[in-house]
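# next input, structure requested:
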Amino acid sequence: MYKIDFTHPCHVHFIGIGGISMSGFAELLHSAGFTVSGSDNTESLITEHLEELGIRIVYEQAAANITPDIDFVVYTAAIHPNNPEFSKAMADGIPMLERAEMVGQIMKNYETAIAVAGTHGKTTTTSMLSHILLAGDLDPTISVGGILKALHGNIRIGKSGNFLTEACEYTNSFLKFNPTMGVILNIEAEHLDFFKDLNDIRHSFLQFAHLLPENGVLVINGDIENYTEITKGLACPYLTYSLADSTCNLFAANISYDENGHGSFDVIYNGAELGRVALHVVGTHNISNALAAIGIALSLHIDMEHIKEGLATFGGTDRRFQYKGDLKGITVIDDYAHHPTEIKATLTAAKRLNKPVWCVFQPHTYSRTKAFLKDFAQALSLADKIVLADIYSAREVDTDEISSRDLQKELQDLGKNVWYFPSFDEIEDFLLENCSNGDLLITMGAGNIVSVGEDLLGL
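The predicted structure is shown next:
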């Protein structure tokens, strides 16, 4: 494998530079003195920002973009060998690094490299921890999988030895990382187009945990079933947290919610009360995420006042129960939830606001929809009224085995008010005619469903 020499910056080319993760690391390498170029299919605010920094971007992926002066190429798992730039780089013998391999090498440049893993909640927990590290003046370098207001984007380049990033399990990307501190938020069946089953996923998280060195630490959710299978034989110490088990190292006691659904709780650490934390994000799941962030912060010896300050200033990231605006008394929220567990958590939080809840859901990938069809229906049934869009294919091809109409039937069998429309225009017209003053409207999914709410609001 090609080794990046940070003492001798060279020319790196990113295939798909506009991605939320790729763009951040392109900026990081640019700041380290590397000559950075890249390609993408479309312009965006992210690519415009990179161009303003002086990074050359071509909006077409073509073999001609691979020039002899390029020293190595970075690509994502979504780039296939028939991609013209990938093919040309291979033919020319230019060294190539998959994105996760590059991130793993970057992590080696930091004394403390924190990786936040889990089936759900990675972006939110990484963002919470970002706020805590900033409040504690640790001057971290941060890569987060969303736009975080505190960073004015998705990347922060610090000057300390502290690095923080998300660690995604899909295609076992996180096994190419080199963390010194790790978080495991949860382990559930997901990405079954890659993993065989839940046991296969658990094995990957086991391998992730065992990446940590002796002087590292693992923070793991004690509510994970048989979590000791993951921690058994670890070289490093580990710290558990829980919403249910008060014998875990960290426990949230005396949980309460304000009128906006924001949680607050007493932090109990090894039996001692450290103080009360107030969050400005909704839902019980975010209390669990906060405990994970607190676990890392305590392991870094950040004092409780800075922890409370950091969490108090965190108001969420883009597409995580994000307030988009009001339309004739209708509150419009957008959320990235695309797995039944995430949907349940989001809709449970929404119900705390005591408003009629409309959920406009766009299933994400055919394989996920097929694998969790009944689970999706059960989770979505928490909404008062459900509107379904077509499945967002992402990386997959439609084989006519599953459709949103199948999900509609499951919801109808549960006695729910549910509608399906094949186009966003039809969805928007229906919502304008049927939503009422005082309703809560949530656009939900990992695809482009966010545009429905934005169109309604004229954003």
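# C-alpha only now, for contacts and for neighbours.
Noted.
# A helix includes residue 441, no?
No. According to DSSP: H, G, I helix; E, B strand; the rest coil, residue 441 belongs to no helix; its state is strand.
# following the top strand by length along the chain, which helix or strand shows up next?
If you go by DSSP state E, the chain has its longest strand at strand 272-282. Per DSSP states H and E, the first helix or strand lying C-terminal to strand 272-282 is helix 284-299.
# contacts for that following helix, please.
With contacts defined as CA atoms under 8 Å, 6 or more residues apart in numbering, helix 284-299 is touched by 121, 124-126, 128-129, 132-133, 181, 183, 185, 217, 219-221, 239, 241-243, 250-252, 263-265, 279, 304, 307, 311, 345, 349.
# strands along the stretch 1-150 of the chain, start to end?
Secondary structure of the stretch 1-150 of the chain, counting by DSSP state E, counting those that start in this stretch: strands at 11-15, 35-39, 56-58, 72-75, 96-98, 112-117, 141-148.
# how about a markdown table for these, with distance to residue 454 and mean neighbour count added?
Formatted as a markdown table, the strands of the stretch 1-150 of the chain follow (distance: least, CA to CA, whole Å; neighbours: other CA atoms under 10 Å):
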| stretch | distance to residue 454 | mean neighbour count |
| --- | --- | --- |
| strand 11-15 | 29 | 24 |
| strand 35-39 | 28 | 24 |
| strand 56-58 | 28 | 19 |
| strand 72-75 | 31 | 23 |
| strand 96-98 | 34 | 19 |
| strand 112-117 | 30 | 25 |
| strand 141-148 | 17 | 23 |
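# and residue 155, which of those is closest to it?
Residue 155 lies closest to strand 141-148 among the strands of the stretch 1-150 of the chain, at 4.8 Å (CA to CA).
# now do that closest one against strand 112-117, angle only.
Counting by axes from the mean of the first three to the mean of the last three CA atoms, to 10 degrees, strand 141-148 lies at 40 degrees to strand 112-117.
# neighbouring strands of the longest strand of the chain in the sheet, and parallel or not?
Next to strand 272-282 in the sheet, as set by DSSP bridges, lie strand 262-269 (antiparallel).
# now the strand it pairs with: how far from the chain's centre is it?
23 Å (CA atoms, centre = their mean, to the nearest Å).
# swap in stretch 352-370?
Relative to its chain's centre, stretch 352-370 lies at 17 Å (CA atoms, centre = their mean).
# now swap in stretch 365-382 and tell me
So, by CA atoms, centre = their mean, the centroid of stretch 365-382 is 19 Å from its chain's centroid.
# pLDDT (mean, whole number) over that stretch?
For stretch 365-382, the mean per-residue pLDDT is 95.
# swap in stretch 39-55?
pLDDT averaged over stretch 39-55 gives 93.
# list the contacts for the residue nearest the centre of the chain?
Closest to where the C-alpha atoms of the chain average out (CA atoms, centre = their mean) is residue 123, at 3.6 Å. Contact analysis of residue 123 by CA under 8 Å, 6+ apart lists 144, 145, 146, 166, 317.
# any idea which element the last one lies in?
Under the criterion of DSSP H and E, residue 317 resides outside all helices and strands.
# how close does the residue of the chain positioned farthest from its centre sit to residue 84?
Largest separation from the mean C-alpha position in the chain: residue 68, at 35.7 Å (CA atoms, centre = their mean). Distance check for residue 68 against residue 84: by CA to CA, to the nearest Å, it reads 15 Å.
# cool, residue 46 as well?
Counting by CA to CA - residue 46 and residue 84 are separated by 23 Å.
# let me see the confidence value for residue 456.
So, for residue 456, pLDDT stands at 94.
# so where is the stretch 301-450 of the chain shaky, pLDDT-wise?
Under the criterion pLDDT under 70, no range of the stretch 301-450 of the chain is flagged.
# if you set the cut-off to 80 instead, what comes out?
Applying pLDDT under 80 to the stretch 301-450 of the chain flags residues 316-320, 395.
# would you map the helices across it?
Using DSSP state H, counting those that start in this stretch, the helices of the stretch 301-450 of the chain run over 304-312, 340-351, 366-371, 373-380, 404-413, 424-434, 450-457.
# repeat that for the stretch 101-250 of the chain.
Counting by DSSP H, counting those that start in this stretch, the helices of the stretch 101-250 of the chain are 122-135, 198-209, 228-231.
# now the last one: mean pLDDT?
This points to helix 228-231. Across helix 228-231, the average pLDDT comes to 96.
# would you mind pulling the contact partners of it?
Helix 228-231 is touched from outside by 202, 205, 206, 209, 238, with contacts defined as CA under 8 Å, 6+ apart.
# domain map for this structure?
11-97, 110-313, 322-457 (the TED database).
# determine which stretch of these is the most buried.
Using mean count of other CA atoms under 10 Å, the stretch among the domains of the chain with the largest mean neighbour count is domain 110-313, at a mean of 20.
# tell me how far that one lies from the chain's centre.
Centroid displacement of domain 110-313 relative to its chain, using CA atoms, centre = their mean, is 12 Å.
# how long is that domain end to end?
Termini of domain 110-313 sit 26 Å apart (CA to CA).
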